[in-house]
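Undergrad: Based on what follows, work out the 3D shape:
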Amino acid sequence: MSESPFRPREKLVEKQKHFQNVHKYTHLKGPMDKITSVVIPIALAASSVYLIGRGIYNLSHGIGKKE
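TA: Here you go, the predicted model:
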């Protein structure tokens, strides 16, 4: 009544060896981890800074008021 594993044991051991030998931070070890750990937060921060700057500009010049 035992379940079959999700991956073959050989693949699992191969992945474990790969990740144990990579000398990077833990959250940057995978091949696509730089996108999720670096690029997306930088894009979110840049867009929020832009929106805050535009809001301060509009507020100081009286643009975009609702009647």
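Undergrad: Any regions of the chain where pLDDT drops low?
TA: Filtered on pLDDT under 70, the chain yields the residue ranges 1, 26-29, 31.
Undergrad: From the chain's centroid, how far away is the lengthiest helix in it?
TA: Longest helix in the chain by number of residues, with DSSP state H as the criterion: helix 40-61. Distance of helix 40-61 from the chain centroid (Cα atoms, centre = their mean, to the nearest Å) equals 20 Å.
Undergrad: swap in stretch 51-62?
TA: Centre-to-centre, stretch 51-62 and its host chain are 29 Å apart (Cα atoms, centre = their mean).
Undergrad: Skip ahead from the one helix or strand Leu12 maps to and say which helix or strand is next.
TA: Secondary-structure assignment from DSSP states H and E places Leu12 in helix 9-21. For helix 9-21, the following helix or strand on the C-terminal side (DSSP H and E) is helix 33-34.
Undergrad: CA atoms only: put the helix holding Leu12 into CSV for me.
TA: Provided in CSV are the C-alpha atoms of helix 9-21 (Å, rounded to 0.1, in the frame of the first residue of the first chain):
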residue,chain,number,x,y,z
ARG,A,9,15.2,8.4,-7.2
GLU,A,10,18.0,8.9,-9.7
LYS,A,11,16.7,12.2,-10.8
LEU,A,12,16.2,13.3,-7.2
VAL,A,13,19.8,12.4,-6.2
GLU,A,14,21.0,14.3,-9.3
LYS,A,15,19.1,17.4,-8.5
GLN,A,16,20.3,17.3,-4.8
LYS,A,17,23.9,17.0,-5.9
HIS,A,18,23.4,20.0,-8.3
PHE,A,19,21.9,22.2,-5.6
GLN,A,20,24.4,21.2,-3.0
ASN,A,21,27.3,22.1,-5.2
